[in-house]
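Undergrad: turn this into a structure:
(3 chains)
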Amino acid sequence: MTIGSFALYGLGLIVVLTIAAWIVKRVAVVVAPSDYAYILKTAPLTAWFGMVVIFIYVMLAVLAPVFAPFSETAIVASEYEPWGAPYYLGTDSLGRDMLSRLIFAARNTVGIAFLTTLLAFFLGGAMGLLASTLGGWIDQIFSRAVDVLMAIPQLIFALLLLTIVGTNVVNLILVIAVLDSTRVYRLSRAVAMNVVVMDYVEAAKLRGEGLGWLIRREILPNITAPLIAEFGLRFCFVFLTISALSFLGLGIQPPTADWGSMVRDNATLITFGDPTPLMPAAAIALLTVAVNFVVDWMLHRSSGLKD
Amino acid sequence: MADTDEILLSIRGLKIEGRSEEVWSEIVHGVDLDLHRGEVLGLIGESGAGKSTIGLAAMGFTRDGCRISGGTVTFDGIELTRSSVRTRRALRGKRIAYVAQSAAASFNPAHRLIDQCTESAVHHHVMSRSEAEHDAIDLFRRIQLPDPEDIGFRYPHQVSGGQLQRAMTAMAMSCRPDLIIFDEPTTALDVTTQIEVLAAIRDAVEQFGTAAIYITHDLAVVAQMADRILVLLKGDPVEEADTRTMLAEPQEEYTKSLWAVRSFKRPEKPLAPPEETPVVSVDHVTAAYGTLTVLHDVSFDIHRGRTVAVVGESGSGKSTAARCITGLLPPTEGTILFNGEELAADYRKRSWDHLRQIQMIYQMADTALNPKQRIRDIVGRPIEFYLGLKGKKKEERIRALLDQIELEPDDFIDRLPAELSGGQKQRIGIARALAAEPEFIICDEVTSALDQLVAEGILKLLAKLQDDFNLAYMFITHDLATVKAIADEVVVMKEGKVVEAGPKSEMFRPPHHAYTDLLLSSVPEMDPDWLDNLLKEREEAGVKIESAGN
Amino acid sequence: MQLILKMILQRLGLGLFTLFVVSVIIFSAVELLPGDLAQEILGQSATPETVAAFRHELGLDKPAIVRYMEWLGGAATGDFGKSLANGREIAELIGTRLANTLLLAAYAAVIAIPLAVGLGLLAALYRNTWFDRSINIFTLSSISFPEFFVAYILILWLSVHAGVFPSIANINESTPLWDRLIRMFLPALTLTLVVTAHMMRMTRAAIINLLAAPYIEMARLKGLPPRVVILKHALPNALAPIINVIALNMAYLITGVVVVEVVFVYPGLGQLLVDSVSKRDITVVQACCLIFAVVYILFNLIADVLSIATNPRLLHKK
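TA: Predicted structure coming up:
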């Protein structure tokens, strides 16, 4: 496996995915009900590319045992076997099948990142909505606390906290979720603020509506679009942070298959000119690009000019 | 007052398309117009008439998302729609200049006035920088800006709105263009400030013999400024004539209806007997935002079935008074009485019944209706919330309310606000207020965002509903025409204080308080000689125009 | 001017306060450590007497507030105490590593800032052309790539394959400057690629956000060409957001070096931090975190002050 052919494979994959995206777009426009067909038709090819890739990842993650030829942790051959059947992508530093671990890692890495983002969203979103709707001292306390938490660089803070609580999956999820919820708080508070100042919210307050009604019926429906886009962005960020931590050996721990630590474990191969360890890194990159493409399109649709 | 018969600008069959959601649709459908050197043409129409778009097209310019799809624009022999970008750019600023609606937004906050006023002249090599500076100061003087020597060296945020608007006229004049497009230059200003800007613009145009296209929705303003008027409706020309002819004898139905709008007047009701308890009584209220006191010891009463108009310019405290009544801004001193009973200062401490009795209709119907709720939910919620009606009974009530606001229930009940016109949205706002079955409604500038014909419909509806339900209205407005149409009593406010109060018939009859007088006399009238007469009168009376502005 | 001074002083005060709170957080993080620090270090076999003696040596028997004051006082004078893992002076461990990290960050910044702002302005000027679109796809991709992916691609391509730059950035104090710059090129390039994309996108967005402003339309209606409109009329008003995003990315550079340092085995602060975290060498982690946090807060503070100082509305008060 040389660099040249590796790059060629990569390019080929991108071309195939792009063609797939194009075909799916044609089909979707014809099949979809007319209300949605218009939105789908105007989606750029990059967004379709993103959606197709995300779909493939989700399938891989859900059906990992079906696709993977070997088990996640079994040592099946000697270490660093070259590419070739039955180890299509060779074996790793312990002699485990690369392809199988790549597929299982989709489930582990993406699943953990997704859970973390979800948790961060519930935490940050709820606090942001409360702060913007209630205002006053609650808003002050939440906002100042978040200011201070955000004054420490996130990766560094995560390292500090992980030193203290120790590195395991639950701690990892909790620490990253809490740290990332500060960003979610900022955004959800800001977008909710734009809605809270609207006359229809004032009208509802003057009617005597309670907090629950204000948040669920008046505010939330009007901020779902930016929140969904933000969910995509946060997912990318969390996903990259967790991968970075795993790469540093401080995230998801062995023997769980995970893309970040797979790069770390097999990095020696790179100095011999073998790009195999780049495949898990490329898997991370491809998914993040895909999510970003979709988010970019959504942001463009909702506001046009936001970054 | 054209100097010559030479035609400066000639537009033929102009068609412009606008894009929304990737689809192009025509918004101007073939407009012809001719403008002679030194002539002022008034373009008038309601929103969506395409007046600004046509004005910009006269410079060979379209905003992003618009394109010229047909016709020609010929300026002094140059066909702009077919000429190169470079040719058009060479004309802009130099031979055709533009004066925008909001001067505060159209001056770049990062540069001093003088830098921006000399920019065109220096860029187009009309003058050197120092010549341009001298010339700009000279223009500031002619246009009667205070401190003409120094004002240019200030930044836009350091100068008042009225002065900025005049400075923008000076900026447009810097290259002595042949044509200036004035795009609603006084719409964003208070009436008393509007006068000085109108006078300045007219003087400047006359002095230099500049031709102008004056775009506005205000008939009385255009009557002062234009030699000739072209009326537009939804991108089509309706009628064109000499100003005096147009005012005296409009030919088309649409023009006549525009002219007639200001004729709606509801007869004034007699004062309520003194022993009757007012529905709402504002009793010596003082209120502040933080440390800034914005209401000083304000008192007035509103009686059942009557309309009290609270009039004032921006910053007069009229909306703050409403916020005190609704309980959004608890007053620092004084109380609000409802049927003689003291209301809690903070709305959160008021009973549901008190909340129900005081309803509000907002200025911007766009932001007053939740865009994600259907009409059924918007109007239905107060019925369910206050009256406890559900299911079929609620549905019947919603339909009855829609009937009352003259919207067909079957057609409208399942629509979203985005599927309504501006006037229809405002009607839904009224229905939502009525649904609570209140005794008192605050109408906060409810017609100022609407076109005149639509606004008149809303005023008539409000008057009808008042008679049907014996409602008390507090009508906040800056527009004296609206006051004349609907008020029984008037409260004039300035800088957080009540300047004058009384029945409408007394208020519009001299003698007035000096400020009321200034306010009343500043409202433009349809008479083309009104501005001349007024300026002469004020000069004789020794009223300095400047004092009105700031 | 009075007002602007007051605002700047306010920001400085706020920055100091934030620093104080952050130092408390970092310090008390250790207090939250489950179990006893001395016991943990010495292991379960240690006798209660040795543990007590060790506690005394670490000063753990003093009240937390006293220890905090001592720790902070020491940190302010460059004395961070001793490493728990090997007993060496932390100041000694950090010494040149901090300088190395700052050098690497500065190296990347010198390339990245002009590149990002320049490309951002060009993309805004030629918005919606093929140039803008391809730049959009490129930047979107590069902010999506994990740093180690970019780093290994560069190693594979420029080091293993082409052999132009070394894959390991092993420098020491005696390395001559030119040699240093060569050895540090790949890590610096990695960092540059990562931050340029973000800064460029934000610069473009900041400019394009303003293009709908009436004063931009006014400038176009004066017959000014697009280049002048963007440079003279849009850029001065977009300075505050651009400065903010630059500062944010500088701060990010300082912390983002952690991964890059590990990949290139660069003797910087980040690598020390990662090593210490895996050894659970708390005192060193504390010291590194404090330094990173101080730099980070400092950059944000500078950005705050600069965006106040470039705002004409604040500079020229009524």
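
Undergrad: close to chain C: what parts of the stretch 251-400 of chain B are there?
TA: On the criterion CB under 8 Å from any CB of the partner chain, chain C has no neighbours in the stretch 251-400 of chain B. Just so you know, the C-beta spots here come from the backbone N, C-alpha and C atoms, and that holds for glycine as well.

Undergrad: okay, and for the stretch 251-400 of chain B, where does confidence drop off?
TA: Applying pLDDT under 70 to the stretch 251-400 of chain B flags residues B:261-263.

Undergrad: now with 80, please.
TA: B:258-265 (pLDDT under 80).

Undergrad: if you count neighbours, what's buried in the least confident helix or strand in chain A by mean pLDDT?
TA: In chain A, no helix or strand scores lower on mean pLDDT, DSSP states H and E than helix A:34-42, which sits at a mean of 73. By 16 or more other CB atoms under 10 Å in any protein chain shown, the buried positions in helix A:34-42 come out as A:Leu40.

Undergrad: neighbours of the residue nearest to B:Asp517 when sequence neighbours are not counted, just the number please.
TA: What sits nearest to B:Asp517 in space, not counting adjacent residues and going by CB to CB, 6 or more residues apart in numbering or on different chains, is B:Pro510, at 7.5 Å. Counted with other CB atoms under 10 Å in any protein chain shown, the neighbours of B:Pro510 add up to 8.

Undergrad: show the pLDDT at B:Pro510.
TA: B:Pro510 carries a pLDDT value of 74.

Undergrad: now C:Asp79, what are its backbone angles?
TA: The phi/psi pair for C:Asp79 (degrees, to the nearest 10) reads phi -110, psi 110.

Undergrad: against C:Arg67, how distant is it?
TA: 14 Å (CB to CB, to the nearest Å).

Undergrad: same question, B:Thr477
TA: Taking CB to CB, one finds B:Thr477 at 67 Å from C:Arg67.

Undergrad: counting neighbours, go ahead and name the busier of those two.
TA: The neighbour count for B:Thr477 versus C:Arg67, taken as other CB under 10 Å, is higher for B:Thr477 (23 against 17).

Undergrad: I figured the more buried one was touching B:Val308, is that so?
TA: No - between B:Thr477 and B:Val308 there is no contact under CB atoms under 8 Å: 11.1 Å.

Undergrad: if we can go back for a sec, name the helix or strand for the residue nearest to B:Asp517, please.
TA: Counting by DSSP states H and E, no helix or strand carries B:Pro510.

Undergrad: what parts of chain C come near chain B?
TA: Checking chain C against chain B by CB under 8 Å from any CB, the hits are C:212-215, C:217-225, C:228, C:232-233, C:236-237, C:312-313, C:316-318.

Undergrad: does the longest helix anywhere in chain C reach chain A?
TA: Scanning chain C for the longest helix, with DSSP state H as the assignment, gives helix C:90-125. No - Helix C:90-125 is not in contact with chain A by CB under 8 Å from any CB; minimum separation 10.7 Å.

Undergrad: got phi/psi on B:Glu313?
TA: The phi/psi pair for B:Glu313 (degrees, to the nearest 10) reads phi -90, psi 180.

Undergrad: mind pulling up the phi and psi values for B:Asp301?
TA: phi -120, psi 150.

Undergrad: that one bridge partners, please.
TA: B:Ser281 (DSSP bridges).

Undergrad: and C:Leu19, what element?
TA: helix C:2-31.

Undergrad: touching chain A at all, that helix?
TA: Yes - using CB under 8 Å from any CB, helix C:2-31 reaches chain A at C:18, C:21-22, C:25-26, C:29-30.

Undergrad: need the buried ones from those residues selected in PyMOL.
TA: In PyMOL syntax, the buried subset of the residues of helix C:2-31 next to chain A is picked out as below (16+ other CB under 10 Å):
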select buried, chain C and resi 18+21+22+25+26+29+30
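
Undergrad: dump the residues of helix C:2-31 next to chain A to CSV, plus pLDDT and distance to B:Asp488.
TA: Formatted as CSV, these follow (pLDDT from 0 to 100; distance: CB to CB, whole Å):
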residue, pLDDT, distance to B:Asp488
C:Thr18, 89, 58
C:Val21, 90, 60
C:Val22, 89, 63
C:Ile25, 88, 64
C:Ile26, 87, 69
C:Ala29, 77, 69
C:Val30, 73, 74
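
Undergrad: rewinding a little: same for the longest helix of chain C, what does it pack against?
TA: helix C:130-144, helix C:185-210, helix C:235-264, helix C:269-279, helix C:282-309 (3 or more CB pairs under 8 Å, 6 or more residues apart in numbering or on different chains; DSSP states H and E).

Undergrad: got the phi and psi for the residue in the stretch 101-250 of chain A that chain C sits nearest to?
TA: Distances between the stretch 101-250 of chain A and chain C by CB to the nearest CB are smallest at A:Pro153, namely 3.9 Å. Main-chain torsions, A:Pro153, degrees, to the nearest 10: phi -60, psi 140.
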